[in-house]
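Q: The sequence isn't on hand, but the structure is:
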């Protein structure tokens, strides 16, 4: 069998290699002529042929063609297209600088970009430009990358003011969020009202919902890959914005002109200052800092140093102070071995901190997670039909589940530090892009991941290896009592896992504008987020897989139809998916999660499944453009009994998980009236969040007590709102560098009172139980002023 597989792979490789024609390579880097910023995803096409290339994350391209004369076309959204005739009779290295067009984004024809989408086997991937995101009206006028993702098919969240996002029915913890390759553990400011990403500092973002390349791993649902700008290496410039509750400022410029640059950007909110003016002692604010340095050592070597630091502070009368946030640092070295072999070596540090000062009780609590990541990636452009990506990475984790410190010696609180946890996760991968013929392209790869849960640690052992016991008379799950414990020393292996993660995608283009695609991927997640809320909170704690908590294993298959219509003015994408997840954690009734040193005593390994249909219809060109996204889907969880005498969770039946949204509709549009005025609008509609309502009540000692049925049998009311914005761009005086715009927006135009939650309580006057709806936003008008010079 192994010999047959080897022969098959060899035949595939040989089919992509031509020995009959002399071939040469053209390669180089494509950047923005204005600031030397490298451009990601630029399309390079050769007129009259099926040859094409796309720049990678560092603006590099390479394509090998038969000897001959070609008309080369380079196109990118909001930039002028370059068309150049080349004579390819030797290897050529050529860099290009694209000039930005004066036309607005919606007026730029993106024909070649949409055509490429039908050719590539890449599917279940959404890309948004920062220009598109900045046009979208959002709450309080603050541009928000995470909120913009919610307008895409298959992406939802738990509702207004909720943090994180959910992809194809998965949890927010199942998303791998990367900023310049560094992991971001909490993507929200102010408990979900804003995202941690400063839009002025972001160059490119891509959301993988499926068909995930083998270089990514560690999460079960999706990958959000975000890259910061490099900085302007031609001249110094600044830009920023002033809003109702926050402002931002970014500066960039050359270190050495055309060789090196810097970027530094900061944001901060100041709504708490208005509270103090009103003699209100409470406050909530955030601040963050983005930095980046890059330097071109020579034509084959580049260095990058990038970082992020952000903090949120929530204070109640100086008696309760909550501080949390992310920090990252990444040093990267790009090296070009040849015109066909590109490499990137990265050393990455990520940290998430959570702190709590309880002055009225007299103690401080802090927890968090740190990781150190070394990764080395290669891309080998074998020829015009065959490319290979391969590499390795190794991550070392340090988990701090919690530490309690007394604020004073006489507080009565004893110092306690929960046992620290450590883990090591190496991985190796290979991924190929293979154009078999003019109509059929495939992408196939394999990731081999390993995971080691390390000491020092105290390990509990239980009777029959069951940390959760079952009372067959009461039919409830309870904590089991350890029969013995064992202390393992530093770096001793407590548990280990290894998994093969195959990836496969196929595209068959049966005409120039129509294709069908098929994709499959397996993802393994070794980290678990301990949380019993529908969306992440700062108090949630990450924990590694061990001998009781198993890694999540997700398998997803998707099939889609893609077409461009009316000379690429419109595009249509249809995708259907089915995803299963093994070892998804479920919690026993009454589980205590905070400061629990034996979390295995309150969790059970269950399973999850989700399936659905996604539709995305875009208008790509003209004064009016935008898209309609609709998803119909189902997301369920099941935790059956471990033995025949156990009922499991929810009687062992499938039930709606917290991320199930049957219907999800999003409409976004922008209209360029004239050079001075442009308008945008979004409409969102989602099925309400699954919840569990009381199904009865009983009276105990004169108190009416509600009783509950099975989990998540009910839903909150349907969630919907309409947002609009208008942008005024004053005419710029000739010879003046200052450019500005005013953005006027209204969030929730018709004042929909969407339910964040519905609680049930007894009315003290009538004695009757009643439902109480909590809504966060009504109509929210906002104005912001943006500038650059």
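A: Received the coordinates, thanks. None of these values were measured; they are calculated from a predicted model.

Q: Show me where the stretch 651-789 of the chain has its strands.
A: Assigned by DSSP state E, counting those that start in this stretch, the stretch 651-789 of the chain shows strands spanning 655-656, 663-672, 677-686, 690-691, 694-700, 703-708, 714-715, 719-728, 739-747, 755-762, 769-775, 780-788.

Q: what's the most buried one of those?
A: Sort those by mean neighbour count, taking mean count of other Cβ atoms under 10 Å, and strand 655-656 sits at the top with a mean of 22. Backbone N, C-alpha and C define where each C-beta goes, glycine included.

Q: packing partners for the helix or strand encompassing residue 387?
A: Following DSSP states H and E, the helix or strand that holds residue 387 is strand 386-406. Where contact means 3 or more Cβ pairs under 8 Å, 6 or more residues apart in numbering; DSSP states H and E, strand 386-406 is packed against strand 363-383, strand 416-417, strand 421-435, strand 541-544.

Q: middle-most residue in this structure, spatially?
A: residue 224 (3.0 Å; Cα atoms, centre = their mean).

Q: Next, the contact list for that residue, please.
A: The neighbourhood of residue 224, defined by Cβ atoms under 8 Å, 6 or more residues apart in numbering, consists of 149, 175, 176, 177, 178, 205, 206, 207, 208.

Q: switch to 6 Å and redo it
A: 177, 207 (Cβ atoms under 6 Å, 6 or more residues apart in numbering).

Q: Identify the bridge partners of it.
A: residue 177, residue 207 (DSSP bridges).

Q: Tabulate the strands of the stretch 651-789 of the chain (TSV), appending distance to residue 220.
A: As requested, the strands of the stretch 651-789 of the chain are exported to TSV (distance: least, Cβ to Cβ, whole Å):
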stretch	distance to residue 220
strand 655-656	18
strand 663-672	20
strand 677-686	22
strand 690-691	19
strand 694-700	32
strand 703-708	29
strand 714-715	24
strand 719-728	25
strand 739-747	32
strand 755-762	27
strand 769-775	31
strand 780-788	34
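
Q: Adding mean pLDDT and distance to residue 363, write those out as TSV.
A: Formatted as TSV, the strands of the stretch 651-789 of the chain follow (pLDDT from 0 to 100; distance: least, Cβ to Cβ, whole Å):
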stretch	mean pLDDT	distance to residue 363
strand 655-656	93	38
strand 663-672	94	43
strand 677-686	93	40
strand 690-691	90	34
strand 694-700	80	35
strand 703-708	76	33
strand 714-715	90	39
strand 719-728	92	39
strand 739-747	91	39
strand 755-762	81	29
strand 769-775	82	30
strand 780-788	90	37
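
Q: So which of those strands is nearest residue 402?
A: With Cβ to Cβ as the measure, strand 755-762 is the member of these nearest residue 402 (26.7 Å).

Q: how far off strand 694-700 does the closest one point, in degrees?
A: Per axes from the mean of the first three to the mean of the last three Cα atoms, to 10 degrees, the angle that strand 755-762 makes with strand 694-700 is 30 degrees.

Q: quick one: strand 755-762 to strand 703-708, angle?
A: Using the same axes, to 10 degrees: strand 755-762 against strand 703-708 is 140 degrees.

Q: Can you give the strand pairings for strand 755-762, parallel or anti for each?
A: Strand 755-762 is paired, per DSSP bridges, with strand 769-775 (antiparallel).

Q: quick one: the partner strand to chain centroid distance?
A: Its chain's C-alpha centre and that of strand 769-775 lie 33 Å apart, by Cα atoms, centre = their mean, to the nearest Å.

Q: same question, stretch 84-91
A: Between the centre of stretch 84-91 and the centre of its chain there are 40 Å (Cα atoms, centre = their mean).

Q: ditto for stretch 374-389
A: In terms of Cα atoms, centre = their mean, the centre of stretch 374-389 is set 24 Å apart from its chain centre.

Q: Can you give me the buried ones in it?
A: Within stretch 374-389, the residues scored as buried using 16 or more other Cβ atoms under 10 Å are 375, 377-389.

Q: And residue 95, how far from residue 74?
A: Distance, residue 95 to residue 74, using Cβ to Cβ, to the nearest Å: 11 Å.

Q: cool, and residue 25?
A: Separation of residue 25 from residue 74 (Cβ to Cβ) stands at 16 Å.

Q: Compare neighbour counts for these two and give me the winner.
A: More neighbours surround residue 74 than the other of residue 25 and residue 74, with 22 against 19 (other Cβ atoms under 10 Å).

Q: Could you give the secondary structure assignment for that one?
A: Following DSSP: H, G, I helix; E, B strand; the rest coil, the label given to residue 74 is strand.

Q: Could you find the closest non-adjacent residue to residue 122?
A: Leaving aside its sequence neighbours, residue 122 sits nearest to residue 211 (Cβ to Cβ, 6 or more residues apart in numbering; 6.2 Å).

Q: I'd assumed residue 506 was in contact with that neighbour.
A: No - judged on Cβ atoms under 6 Å, residue 211 makes no contact with residue 506 at a distance of 9.8 Å.

Q: For these two, indicate the residue with more neighbours.
A: residue 211 (25 against 21).

Q: Helices of the chain, start to end?
A: Under the criterion DSSP state H, the chain contains helices at 2-15, 111-119, 130-134, 145-149, 271-277.

Q: Select from those helices the stretch with the lowest mean pLDDT.
A: Per-segment mean pLDDT for the helices of the chain reaches its minimum on helix 2-15, at a mean of 49.

Q: and of the strands of the stretch 651-789 of the chain, who's closest to residue 577?
A: strand 663-672 (13.5 Å).

Q: now what about the closest one, what contacts it?
A: Contact with strand 663-672 is made by 104, 106, 135, 151, 156, 623-624, 626, 628-631, 678-687, as judged by Cβ under 6 Å, 6+ apart.

Q: residues near the nearest residue to residue 570 once chain neighbours are set aside, how many?
A: Counting by Cβ to Cβ, 6+ apart, residue 570 lies nearest to residue 619, which is 5.7 Å off, once chain neighbours are set aside. Neighbour count for residue 619, taken as other Cβ under 10 Å: 17.

Q: How about residue 269?
A: For residue 269, using other Cβ under 10 Å, the count is 24.

Q: What of residue 475?
A: For residue 475, using other Cβ under 10 Å, the count is 11.

Q: Show me what the nearest residue in space to residue 340 that is not next to it in sequence is bridged to.
A: Spatial nearest neighbour of residue 340, chain neighbours left out: residue 381 (4.5 Å); criterion: Cβ to Cβ, 6+ apart. With DSSP bridges applied, the residues forming beta bridges to residue 381 are residue 387.

Q: Repeat that for residue 283.
A: Beta-bridge partners of residue 283, as defined by DSSP bridges: residue 315.

Q: cool, residue 497 as well?
A: Assessed by DSSP bridges, residue 497 has beta-bridge partners residue 451.

Q: If you rank every helix and strand of this structure by mean pLDDT, what lands last?
A: When the helices and strands of the chain are scored by mean pLDDT, DSSP states H and E, helix 2-15 comes last with a mean of 49.

Q: returning to that earlier point: which of the helices and strands packed on strand 386-406 sits most buried?
A: strand 541-544 (a mean of 22).

Q: So what are the sheet partners of that strand and their directions?
A: Using DSSP bridges, strand 541-544 pairs in its sheet with strand 527-530 (antiparallel).

Q: contacting residues around the strand it pairs with?
A: With Cβ under 6 Å, 6+ apart as the test, strand 527-530 has contacts from 173, 540, 541, 542, 543, 549, 585, 593, 599.

Q: separation between the first one and residue 374?
A: Separation of residue 173 from residue 374 (Cβ to Cβ): 24 Å.

Q: Repeat that for residue 320.
A: Distance check for residue 320 against residue 374: by Cβ to Cβ, it reads 39 Å.

Q: repeat for residue 463
A: From residue 463 across to residue 374, the span is 41 Å (Cβ to Cβ).
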